[in-house]
Structures are given as structure tokens and as C-alpha cells.
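# Provided below for reference: sequence and predicted model.
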Amino acid sequence: MQTPVKFSNSTRSQFFATARHRVDAYFKENGISPNANFAMWFKASFFLGGYGLLYGLIISNLFGAWVMLGLAILLGVFAAFIGFNVSHDAIHGAFSSRSWLNKVLGSSFYFIGANPYVWKLSHNIVHHTYTNIFGHDEDIDVAPGLIRLEDGEEYKPWQRYQHLYAFPLYSLASLSWVFRKDFVKFFQKKIGQHQNPKHPLREYITLFTTKAAYYFCFLILPYLVLDLAWWQIALGFVIMHMVEGLVLGVVFQLAHVVEGTSFPVPVNGQSIQESWAVHQLRTTANFAPQSKTAAFFCGGLNRQIEHHLFPKVCHIHYPAITAIVKQTAAEFELPYLENRTFFSALHSHYRILKRQGRAELAEAA
């Protein structure tokens, strides 16, 4: 039976204390709040407004089937961007200093068919603590038995082709989230090796009522008001979520499963022989850090190093604190992993999939 992993900081690294002091000083000296600014509110309004507009156009029944399919695809993209740019920050408590406002904005997660309470348990607590540790970090268990990402995983013959089928599998992530993932994680005893808490009654009610509301808005209501056959509505729903799932899946994979990132094995299954912050540097990578386009659409998830170290800082500030973190890592002779472009990161992830699918390398490991 596995036990929770502890970080020993055996080298007594002062990296994080130094980086945190410098980041805090940056905000204080410049009189800047670490929460959302005007640009962040503009982004949130843009994605939430676009999502509402697209849904309204679809449900208006003013267009033909092909136009509505195009709108559904765009709706899936906007749903993913709401997750990146609004929900993610709010659930981390980074959007505002007011907890009630973070809770309201975190409720935007319901727009993508997901539950913010379950996400907070599995992502904020487990993933951010035990990043890339198999058996603990369930965020990297994308498709157990189908996709192999690390040498310690058991090899299956069909994984030789995982570089071909992995991305279609990623596209199913959102559908799984809507119909399965939240329920499974809510009711299982542990998430990774973290004991699931006793959920308040209101969370049981919220889980089922919001899921029912989502199914009504995206399956039943369209069937009642649109001049489409049931199979056309079902097909549009599936395609919308496949687009959403592909965007979500790829962006999250490029942060932790690229060349250079590590998958540490705890000593005696219990201890990581370095500090938590150094562990984050070894298991996390940025991509396209100079791209304003990536920063706008990915909600700062292209700068995952800064996000993992400072999850309560709104992502709109990541470009400013990146230089601080990178310089501090260099001073302490620690890795700072990044891919210059989105496509170089994507290619790196593809190479990992292909390499981990080779039987001869799996046997040698």
C-alpha cells in the first residue's frame, strides 16, 4: 500500500524562498496586485461573451445544419479557452482577492461540463503536489493501459502505435469528463494516494444538478427547438467535445510530458529527495513563452513553471515574473525547461510517444 509522498529538501535549497521573495518584491515595488487587471477582465469577457454568443446562435435555429456544425466546433474551442483563461485561475484563487468572486468565476467550469469542486481536489491538491509521480498524479494517467509515457510503466504490444492513436484519444477527454470522470473521482476513496474527503451534502446535490442542467442545455433543449434529427444533434455534441478535448488534452500534455521533464520515483515509495519547488522545475516545461498568441489563448498554461510555483498569481502576470524565476533557477544551477514554440513542444511530445511505444526500448528499461 502506497503512502503520501514527502519532499525532503535534502540539499537545503533556498531556490523557492529566493524566487518567492523576488516575486513578492516585484508586485510590491510596482504597486501591482497579483490578481486580475483590466487585460485579464477583457480576456474573461471575450471568452465568456463569445461562448454565450455562439450557444445563442446555435439555439436560435436561424441557420442550416452545416453552419450550426461550424458554430459547434467554435463553441468547443471557446469552452476550452474558458477553462484555460477563466475557470483555471478562479479555482486556484488567483483571479481575485475576493473568495466569493473566485467561486462565481470558477463556476464557469460548468460551461464545459466539468465540476470545479472535483477539479480542485484532483488538480489543485494532487497534481500540483505530486506532479509527474506515477500512482499519485492522476493527471498524467491519460489512458492507462493504452498510452505509455514512462520507462517504469508496463509495456503493451499495441503501444507501438500509440504515436498514431494518442491524439484521437486526447480528443475524447472532454466527453469522458462530461459523462464519467467527475463521477469516478467524486466517489472513489482516493485520488492517487490522497484520501478523498467526506464530501458535503451540497456537493452531491451540485454535482448531479449541474450535470443534469448541462445535459438539458446541450442535448435535450437542442432536440426540442432545432430543426435537426436526434442523430445530428448527437453528432454535433460529440464533435464539439472532441474539438474541446483535443485542445485541452494537448495543452496540458505539453506542460509535463515533453523531452527533459522527469517522472521521479520516490525513495522507498515515500520520499522525494529534493524540495517541492525543485521537483516542479524538473517535471514541468514552458512552451512558446514569447508568443503573445499562446499567452492570450492558453491562459498562461504555456508558462506552466510559473503557474506551478505561483498558482495564486493570476496568469496575466506570468510574462513579468518569468524572467525572475528563470534567473533565480540559473543562479541555483537548476533546470528551467522550455520549448521555443508550440510546434516544437508538440513534436517533442510526439517523440516521447513514439519512443515509449518501442518494445525493444521498453525491454531494455
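In hand now; what should we look at?
# you'd agree residue 153 is up against residue 141?
No - Residue 153 is beyond contact range of residue 141, at 9.9 Å (criterion: CB atoms under 8 Å). C-betas here are computed from N, CA, C, even on glycine.
# Have a look at the two and say which one is more surrounded.
Higher neighbour count among residue 153 and residue 141: residue 153, with 18 against 14, using other CB atoms under 10 Å.
# Now residue 18: closest residue in space that isn't a chain neighbour?
Of all residues not flanking residue 18 in the chain, residue 328 sits nearest, at 5.5 Å (CB to CB, 6 or more residues apart in numbering).
# Let me know how buried the one you found is, in neighbour terms.
As a measure of burial, residue 328 has 22 neighbours, counting by other CB under 10 Å.
# just use 5 as the starting number from now, easier for me
Sure, I'll start numbering at 5, so the last one becomes residue 332.
# quick one: it from residue 12, how far?
To residue 12, residue 332 is 21 Å away according to CB to CB, to the nearest Å.
# before we move on, what about residue 288?
Distance from residue 288 to residue 12, by CB to CB: 19 Å.
# Comparing the two, which shows the higher neighbour count?
The residue with more neighbours, out of residue 288 and residue 12, is residue 288; 26 against 14, by other CB under 10 Å.
# these two touch, right, that one and residue 131?
No - using CB under 8 Å, residue 288 makes no contact with residue 131, being 10.8 Å away.
# And the helix or strand containing residue 104, how far out from the chain middle?
Per DSSP states H and E, residue 104 falls inside helix 103-110. In terms of CA atoms, centre = their mean, to the nearest Å, the centre of helix 103-110 is set 19 Å apart from its chain centre.
# Buried ones in stretch 95-104, by neighbour count?
95-100 (16 or more other CB atoms under 10 Å).
# ugh, wrong one, stretch 169-182
Using 16+ other CB under 10 Å as the test for burial, stretch 169-182 gives 169-171, 173-182.
# Now tabulate the residues you listed in TSV and tack on pLDDT.
Shown next, in TSV, are those (pLDDT from 0 to 100):
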residue	pLDDT
169	93
170	93
171	94
173	93
174	93
175	94
176	93
177	91
178	94
179	95
180	92
181	92
182	95
